[in-house]
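Novice: Provided below are the primary sequence and the corresponding predicted coordinates.
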Amino acid sequence: MAEVDTGGGGHKKGPGVKKAKKQSTRVDLTPMVDLGFLLITFFVFTTTMSQATAMNLNEPKDDPENQQKVKNSGAMTLLLGKNDQVYYYFGELSPTEASTQFKTSNFKDIRDVILTKKKSTPIGDLMYIIKSDKDATFKNAIDVLDEMSINQIPPGHYAEVDMSDTEAELIKRTEAANGIK
């Protein structure tokens, strides 16, 4: 345990008697190290690790009779491509005007587009349709859902659906034209 060393017992006074050297007080810290490791072990075993957080996503059941009708004026379709590219168009994509309707963006600028659409459309008519290309990453899908949450788009006003062949072809052409590999 701890020991305290003190200089030798009684000392005599007088001529010719050498003074005894005073030794310093020494405290053994070995038990303190043991106590420290015991405390660290205690706190490691008794603490709980942070729990993973998840976003609640309510997916509707596929029921053809209860499908929600969306107005073309309130619809915005977001298409997720590779290399963090986002493609979008408003309303329904027409084959004759696809080149002017189909626009490109990235995740830095898409928030402004989403907010502009939200401000210009009555909330009852507003609908965001999210579609992922086969080359899109899962991170991009989560980022778009986060954008919906950040921009306070109410649940039920956005949905994730499968991409059509026409949209996939438009993405391929746009990526080829822009040099995205």
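Specialist: That came in fine, so what should we check first?
Novice: Strands of the chain, residue ranges please.
Specialist: 75-80, 85-90, 103-106, 127-132, 158-160 (DSSP state E).
Novice: can I get those strands in a markdown table with distance to V27 and mean neighbour count?
Specialist: Yep, even glycine has a C-beta here, placed from its N, CA and C like the rest. Shown next, in a markdown table, are the strands of the chain (distance: least, Cβ to Cβ, whole Å; neighbours: other Cβ atoms under 10 Å):
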| stretch | distance to V27 | mean neighbour count |
| --- | --- | --- |
| strand 75-80 | 66 | 22 |
| strand 85-90 | 66 | 21 |
| strand 103-106 | 64 | 14 |
| strand 127-132 | 66 | 20 |
| strand 158-160 | 67 | 17 |
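Novice: I'd say P122 and G74 touch.
Specialist: Yes: using Cβ atoms under 8 Å, P122 is in contact with G74, at 7.2 Å.
Novice: So for G8, what pLDDT did the model give?
Specialist: At G8, the model reports a pLDDT of 54.
Novice: May I see the buried residues of stretch 122-141?
Specialist: By neighbour count with 16 or more other Cβ atoms under 10 Å, stretch 122-141 contains the buried residues 126-133, 135-136, 140.
Novice: hmm, back to that, quick check: which of the strands of the chain is nearest to K117?
Specialist: strand 75-80 (4.9 Å; Cβ to Cβ).
Novice: tell me what the closest one is packed against?
Specialist: Where contact means 3 or more Cβ pairs under 8 Å, 6 or more residues apart in numbering; DSSP states H and E, strand 75-80 is packed against strand 85-90, helix 110-120, strand 127-132, helix 138-150, helix 165-178.
Novice: list the contacts for F102?
Specialist: 87, 89, 93, 170, 174 (Cβ atoms under 8 Å, 6 or more residues apart in numbering).
Novice: how close does it get to Y87?
Specialist: Per Cβ to Cβ, to the nearest Å, F102 is found 6 Å from Y87.
Novice: list the residues that contact both of these two?
Specialist: What both F102 and Y87 touch, as defined by Cβ under 8 Å, 6+ apart, is the set 170, 174.
Novice: Output the below-cut-off pLDDT ranges for the protein.
Specialist: Residues of the chain that meet the criterion pLDDT under 70 lie in 1-14, 16-17, 55-70, 98-99, 181.
Novice: returning to what we had before: overlap of the contact sets of P122 and G74?
Specialist: Counting by Cβ under 8 Å, 6+ apart, nothing touches both P122 and G74.
Novice: dump the residue contacts of the residue nearest to I110 when sequence neighbours are not counted.
Specialist: Closest residue to I110 apart from its sequence neighbours, by Cβ to Cβ, 6 or more residues apart in numbering: V86 at 4.9 Å. Residues near V86 by Cβ under 8 Å, 6+ apart: 78-80, 104-107, 110, 140, 144.
Novice: before we move on, back to that, just flag the most distant two among the contacts of F102.
Specialist: Going by Cβ to Cβ, the pair spanning the contacts of F102 furthest: L93 and T174, at 13.0 Å.
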